[in-house]
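Participant: The following block contains a protein sequence and its predicted model.
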Amino acid sequence: MNARKCVMVAALMIAAAASAGATTSPQAPRSPRENPPTQRGVDPTKPTALTQPEPPLPDRFEEEFGYRRRYWRPVLRIGQDYALRASEVVRDVTVVFGGARIEGRVEGNLVVIFGPVTLASTAVVEGSFVVVGGNATVQSGAIVRDEVIVVGAGLDVPENFIFGGAHVVIGTRALGAWMESVVPWVTYGLLWGRPIVASIGWVWSVVGVFLLVYLLINLVAHEPVSATARVLSARPFGSVMTGLLVLLLAGPVSALLAVSIIGIAVIPFALAALVVAGFVGRVGVLRWIGNTVMAPDEPGSRLQGLRSFAIGFVLVTLTYMVPLLGLMAWALFGVLGLGAAVLAFITAWRREHPKAEKPVRPPKVIPAPEPSPAGSGSYAYAAPAAPAFVPSSGFGSGPATYAGPEVEGAVAPAIGAGTIPPGRSDLASFPRAAFLDRAAAFVIDLVLVLFVVELLEAPFWFRSDDVLFPMLLAYFVGFWTWKGTTIGGIVVNLRVVKVAGGELSFLESLVRGLTSVLSFGALGLGVLWILRSDDLAPDGLPARQAWHDLAAGTYVVKVPKGHPLP
């Protein structure tokens with residue numbers, strides 16, 4: 001009985017203790033989602049008077065986003081400042097043309113370009129810390145787990161600064177200050193499309209330097225600048241095309257020169273000549289603009305040339321301040337001046353080194369008919385095997401003339417579809433090929449090259465897209481140099497001939513092939529240039545030249561059927 005009484009007393013004491021703990025312990029508040037209201041028509045996710053008050057914003061934000069908030073937030077700022085609070089965690093931070101203040105945690109890299117940055121005492125950067133062209137301030141307690149890289153910037157760090165990787169510093173503080181001063185020009189000038197920003201002081205120093213350089217070129221190279229201005233007045237479009245051609249061929253020609261040992265020594269001189277031509281061309285553009293505003297009374301006067309240069313410099317400087325138009329004008333004037341300077345140099349070279357005229361082939365003399373030995377009064381005449389032709393004395397002097405026997409009743413054959421000129425140098429006298437004929441020949445050539453590329457693709461395992469352009473270029477350049485035409489040109493009876501007559505050299509064929517890329521690349525405008533009916537050659541016939549014909553100095557002529565290949 002005593003044992004039973006003890007067990008019952010113990011059970012009653014445990015039950016009493018449990019009931020007392022349940023009544024005295026505070027009840028944990030439940031979230032609205034765990035204890036939704038029972039009223040009908042009430043959204044359980046929205047707080048009501050029956051629910052507990054909402055938790056603070058940071059806790060609610062952490063509850064909603066969780067892991068995504070910590071690792072999924074890269075930060076990019078361009079032209080704006082950025083601040084990371086102590087309670088925030090981001091993945092990567094990149095700030096360009098703006099400042100940054102980091103107090104929280106960066107899981108990745110921190111990169112600041114052209115702007116100041118501050119790492120507070122609570123900042124932690126797990127990756128690299130990179131500053132380019134700005135000032136970096138690190139407070140005591142900041143931590144960088146990886147390397148610290150500073151390029152052209154100032155770096156203020158405490159003695160107890162902790163970083164885990166390498167410490168690389170390139171440039172001085174003065175370089176960093178200069179790079180930081182470039183930021184307003186980039187943000188308010190370059191991004192707006194204008195080279196000159198009037199509110200930045202150092203820009204006017206650069207303008208003054210260019211003024212002195214241009215003024216010196218205008219005074220020292222008076223004649224070349226005058227020749228460049230004359231070319232711009234006479235051939236503005238040709239100057240633009242020549243400038244684009246020079247810029248397009250500068251890279252391939254340098255690569256070809258670099259292949260040979262002698263060509264490597266020529267490359268620096270060629271680039272220097274290109275730079276000089278660019279400066280002379282820009283001064284020529286300034287004088288040309290000044291001459292347009294106020295025509296000089298004496299074109300050869302240095303004083304009036306200086307006046308035109310000053311007027312042009314002022315107008316161009318004002319143009320460079322206009323957004324978007326300034327950068328476009330700067331690029332256009334550069335190409336225009338370069339092309340005009342090259343054309344002026346070519347004109348001066350031809351004037352100093354004139355080509356010797358080709359000798360005219362003498363006409364074939366046919367003896368007079370003799371009476372027959374029978375004495376019947378009839379004449380025995382031995383006709384030549386083929387009629388003799390005298391080629392023209394030069395380009396534009398007319399077609400070949402007939403020099404056959406002068407016999408009563410004989411009619412000289414006309415130069416036309418049924419006659420064959422004696423040599424390839426006379427091909428320039430044939431009519432120019434029409435646009436449709438040239439298009440048909442190009443389609444035939446393109447189909448042939450595509451067929452060959454597809455045949456070679458299977459055994460050699462290369463992609464046809466990678467070799468199509470080199471194959472086309474090699475095909476056209478090789479056939480133009482070898483036969484003066486292509487397979488499609490043979491089918492359509494087309495020939496490529498120089499304007500002054502004669503065969504195309506390899507360099508001329510290469511120039512024609514490379515510039516054809518520009519003709520097709522400019523939305524086909526260079527090819528459609530063939531349709532210009534008012535573009536007449538010196539012989540009075542339509543030239544029908546594309547841009548690559550103008551660059552290489554060639555015609556595409558239509559020959560009669562059966563015309564022999566060279």
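Facilitator: Structure received. A quick note: this is a predicted structure, and the numbers were derived from the prediction, not measured. Residues are numbered from 1 along each chain as shown.
Participant: For Val231, give me its contacts.
Facilitator: Residues near Val231 by Cβ atoms under 8 Å, 6 or more residues apart in numbering: Ser239, Gly284, Ala340, Leu343, Ala344, Thr347. Any C-beta I mention is one placed from the backbone N, CA and C, and that applies to glycine too.
Participant: Just the element for it, please.
Facilitator: Val231 is part of helix 222-234 when elements are defined by DSSP states H and E.
Participant: What residues sit buried inside the top helix by length along the chain?
Facilitator: Secondary structure of the chain per DSSP state H: the longest helix is helix 261-293. By neighbour count with 16 or more other Cβ atoms under 10 Å, helix 261-293 contains the buried residues 274, 277-291.
Participant: start to end distance for stretch 550-557?
Facilitator: Stretch 550-557 has its terminal residues 14 Å apart, counting by Cα to Cα, to the nearest Å.
Participant: and if you look at stretch 294-306?
Facilitator: End-to-end distance for stretch 294-306, by Cα to Cα: 12 Å.
Participant: Can you lay out the contacts of Val231 as JSON lines showing secondary structure?
Facilitator: JSON lines is the format used below for the contacts of Val231 (DSSP: H, G, I helix; E, B strand; the rest coil):
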{"residue": "Ser239", "secondary structure": "helix"}
{"residue": "Gly284", "secondary structure": "helix"}
{"residue": "Ala340", "secondary structure": "helix"}
{"residue": "Leu343", "secondary structure": "helix"}
{"residue": "Ala344", "secondary structure": "helix"}
{"residue": "Thr347", "secondary structure": "helix"}
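Participant: Could I get those residues in TSV, plus columns for distance to Glu503 and pLDDT?
Facilitator: Formatted as TSV, the contacts of Val231 follow (distance: Cβ to Cβ, whole Å; pLDDT from 0 to 100):
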residue	distance to Glu503	pLDDT
Ser239	29	88
Gly284	35	94
Ala340	30	92
Leu343	25	90
Ala344	28	90
Thr347	25	86
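Participant: Which PyMOL command selects the buried ones in these?
Facilitator: Those of those that count as buried under 16+ other Cβ under 10 Å are selected in PyMOL with:
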select buried, resi 239+284+340+343+344
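Participant: by contact count, what packs against the helix or strand harbouring Val111?
Facilitator: Assigned by DSSP H and E, Val111 belongs to strand 110-113. Here strand 110-113 touches strand 93-96, strand 100-102, strand 129-132, going by 3 or more Cβ pairs under 8 Å, 6 or more residues apart in numbering; DSSP states H and E.
Participant: and Val168, that one's in a strand?
Facilitator: Yes: Val168 sits within a strand when classified using three-state DSSP.
Participant: For it, give me its contacts.
Facilitator: Residues near Val168 by Cβ under 8 Å, 6+ apart: Glu147, Val148, Ile149, Val150.
Participant: can you list the weak-confidence ranges in the stretch 401-550 of the chain?
Facilitator: The model of the stretch 401-550 of the chain has pLDDT under 70 over residues 401-426, 457-466, 533-540.
Participant: Please repeat the previous calculation with a cut-off of 50.
Facilitator: Where the stretch 401-550 of the chain drops to pLDDT under 50, the residues are 401-425.
Participant: Show me where it has its strands.
Facilitator: Taking DSSP state E, counting those that start in this stretch as the test, the strands found in the stretch 401-550 of the chain are 401-402, 494-498.
Participant: Most tightly packed of those strands?
Facilitator: Most buried of those, by mean neighbour count (mean count of other Cβ atoms under 10 Å): strand 494-498, with a mean of 23.
Participant: Which strands or helices does that strand pack on?
Facilitator: Checking 3+ Cβ pairs under 8 Å, 6+ apart, strand 494-498 ends up next to helix 435-460, helix 487-492, strand 554-558.
Participant: Any chance of JSON lines for these, columns distance to Gly524 and mean neighbour count?
Facilitator: JSON lines is the format used below for the helices and strands packed on strand 494-498 (distance: least, Cβ to Cβ, whole Å; neighbours: other Cβ atoms under 10 Å):
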{"stretch": "helix 435-460", "distance to Gly524": "11", "mean neighbour count": "14"}
{"stretch": "helix 487-492", "distance to Gly524": "18", "mean neighbour count": "19"}
{"stretch": "strand 554-558", "distance to Gly524": "17", "mean neighbour count": "21"}
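Participant: Could you pull up the residues touching the closest residue to Ser233 other than its chain neighbours?
Facilitator: Using Cβ to Cβ, 6 or more residues apart in numbering and skipping the chain neighbours, the partner closest in space to Ser233 is Trp288 (6.4 Å). Contacts for Trp288 (Cβ under 8 Å, 6+ apart) come out as Thr228, Ala229, Leu232, Ser233, Ser308, Gly312, Ala340.
Participant: 10 Å - rerun?
Facilitator: By Cβ atoms under 10 Å, 6 or more residues apart in numbering, the contact set of Trp288 is 225-226, 228-233, 236, 239, 308-309, 312, 333, 336-337, 340.
Participant: In stretch 502-515, which residues are buried?
Facilitator: Neighbour counts over stretch 502-515 (16+ other Cβ under 10 Å) mark Gly502, Glu503, Leu504, Glu508, Ser509, Leu510, Val511, Arg512, Gly513, Leu514, Thr515 as buried.
Participant: Quick check: the farthest pair among the residues you listed?
Facilitator: Gly502 and Leu514 (20.7 Å; Cβ to Cβ).
Participant: For the stretch 251-400 of the chain, which segments count as helices?
Facilitator: For the stretch 251-400 of the chain, the helices defined by DSSP state H, counting those that start in this stretch cover 261-293, 302-319, 325-352.
Participant: For Gln139, see how far away Asp146 is.
Facilitator: Going from Asp146 to Gln139 by Cβ to Cβ, to the nearest Å gives 19 Å.
Participant: In CSV, list the helices and strands packed on strand 494-498 along with distance to Gly193.
Facilitator: Output for those, formatted as CSV (distance: least, Cβ to Cβ, whole Å):
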stretch, distance to Gly193
helix 435-460, 37
helix 487-492, 44
strand 554-558, 38
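Participant: And the ones you listed: which comes nearest Ala428?
Facilitator: Closest among these, once you apply Cβ to Cβ, is strand 554-558, at 6.0 Å.
Participant: what's the angle from that closest one to helix 435-460?
Facilitator: Between strand 554-558 and helix 435-460, the angle comes out at 100 degrees (axes from the mean of the first three to the mean of the last three Cα atoms, to 10 degrees).
Participant: tell me what strand 554-558 is packed against?
Facilitator: Packing partners of strand 554-558 (3 or more Cβ pairs under 10 Å, 6 or more residues apart in numbering; DSSP states H and E): helix 435-460, strand 494-498, helix 506-521, helix 547-552.
Participant: mind redoing it with 6 Å?
Facilitator: Applying 3 or more Cβ pairs under 6 Å, 6 or more residues apart in numbering; DSSP states H and E, we find strand 554-558 packed against strand 494-498.
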